[in-house]
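In: Generate coordinates for the sequence data below:
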Amino acid sequence: MKIAGIVGGMGSLATVDFLKKVVKHTKAEKDQDHIRMIVDFNTSVPDRTAAILDDGEDPTLYLVESVKMLECEKADFAVFICNTAYAFLDRVQKQVNIPVLNLPEMTLRKLKSKGIEEIWLTGTRGLLNSRVYQREAEKIGLTLKIPEERLQESLMQIIYTVKAGQIKKASLIWFSDVEPYLDGHVLLGCTELPVVAKSKRLHLIDVNDEWAKIVIEICGAEVNR
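Out: Purely as a prediction, here's the structure:
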């Protein structure tokens, strides 16, 4: 099987959530049936939203360093466990020798193939501003609904509250200020959001779930159905 290189730590709980879901979604009867992953838990990568919106430090060199390290450890490909990091994908890919998979694009194509035509995009302001998802959605004819400013402010509070490890507080913000104002299909386009987002009413698309399944299949293992 192929070896997956994981650039994580953006944030920490989100990376752990993704790794748990890789194990959960792998069809396995023994250790040897699971995929091999090399993980760089790189918590030093500068804030991606700050780099996009506020002239913060560019994370490109940090991401390149991580991918090159994974390269040296014989990873066949790399992925970022951070949606907003994909705004820097082209810059990173030019400086490394293994492919960095564009998981946001691959996720939207999967959703479109399942017959989904319209979906809310929830994530950081940096992600929305970078148009990582919007560009691919326009190519494949998928309608993305973008939160208005008040809703976006609450989403940002949730994301950074999860990063701070305050899960109960983040969950309260989700249920009081976000969940009631969405409808239909909702793409949780920040890897922090699946840590707290729950709903009996909405069709939540967990990127950690979707990305885990993509990585499992590319490595050559079988996904639990």
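In: What pLDDT is listed against Val22?
Out: Here, the pLDDT recorded for Val22 equals 98.
In: who touches the nearest residue to it once chain neighbours are set aside in this structure?
Out: Excluding its sequence neighbours, the residue lying closest to Val22 (C-beta to C-beta, 6 or more residues apart in numbering) is Ala212, at 4.4 Å. (Each C-beta comes from the backbone N, C-alpha and C, glycine too.) Neighbour list for Ala212: 18, 21-22, 24-25 [criterion: C-beta atoms under 8 Å, 6 or more residues apart in numbering].
In: Could I get the residues you listed in CSV, plus columns for secondary structure?
Out: Below are the contacts of Ala212 laid out as CSV (DSSP: H, G, I helix; E, B strand; the rest coil):
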residue, secondary structure
Phe18, helix
Lys21, helix
Val22, helix
Lys24, helix
His25, helix
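In: Closest one to Val100 out of these, please.
Out: Ranked by distance to Val100 (C-beta to C-beta), these are led by Phe18 at 15.6 Å.
In: what's around the closest one, how many residues?
Out: Neighbour count for Phe18, taken as other C-beta atoms under 10 Å: 25.
In: looking at it, it is touching Phe80, isn't it?
Out: No: Phe18 lies out of contact with Phe80 (C-beta atoms under 8 Å); the separation is 10.5 Å.
In: if I pick the closest residue to Ala87 other than its chain neighbours, what's in contact with it?
Out: Spatial nearest neighbour of Ala87, excluding adjacent residues (C-beta to C-beta, 6+ apart): Ser130 at 3.5 Å. Listed by C-beta under 8 Å, 6+ apart, the contact partners of Ser130 are 52, 84, 86-87.
In: Specify which member of those is nearest to Glu179.
Out: The nearest member of the contacts of Ser130 to Glu179, counting by C-beta to C-beta, is Thr84 at 22.0 Å.
In: neighbours around that closest one, how many?
Out: 29.
In: No more questions from me, cheers.
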